[in-house]
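Asks: All I have is the shape, not the residue letters:
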Ligand code: HEC
């Protein structure tokens, strides 16, 4: 093909403006009702997000919890949580990356950021 136009779609660059601000907004809107403002959850209903292996551990698993929801019954500090976690696949890659980065760097957590590109990859690998 001669002269085929390459659409220069500017990769929306992860803005340097603190992603934690966006993440906090997403968290407040979508996660807080269940996991509470400080990530402490609700005993026997919604697990805490404080230093759990899910939050700090494997990033693909964590991204999948949001994309697919989760209903395996997690056990955290000897409490089993049997309620299902709904899927948030309708959120954008950027929103999911922002909220997970927020969670991984708040509630006493300290872990690397999650990027929209990672979310996209996990989403497309189904
Ligand atoms: C309707 C209530 C509800 C909402 C809203 C909700 N969750 Fe959950 N979440 C749960 C439940 C219940 C579980 C445990 C699921 C299980 O045991 O299989 C869970 C599990 C998790 C886990 C893994 C276990 C842990 O505690 O580390 C993470 C991480 C998580 N949620 C993050 C989020 C994030 C981020 C949001 C917002 C985008 C969110 N949740 C919104 C109820 C909710």
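Replies: Thanks, I have it. Bear in mind the structure is a predicted one, so any value in this text is a computation, not a measurement.

Asks: what's the neighbour count on residue 36?
Replies: Residue 36 sits with 15 neighbouring residues when counted by other CB atoms under 10 Å. All C-beta spots, glycine's among them, are computed from the backbone N, C-alpha and C.

Asks: switch to numbering from 22
Replies: Shifting the count to begin at 22 puts that one at residue 57.

Asks: My read is that it contacts residue 63, right?
Replies: Yes. Residue 57 is within contact range of residue 63, at 6.7 Å (criterion: CB atoms under 8 Å).

Asks: Which of the helices and strands in this protein ranks last by mean pLDDT?
Replies: Of all the helices and strands that make up the chain, the one with the lowest confidence by mean pLDDT, DSSP states H and E is helix 40-47; it has a mean of 77.

Asks: which is the next helix or strand following that helix?
Replies: With elements assigned by DSSP states H and E, the helix or strand that comes after helix 40-47 is helix 53-56.
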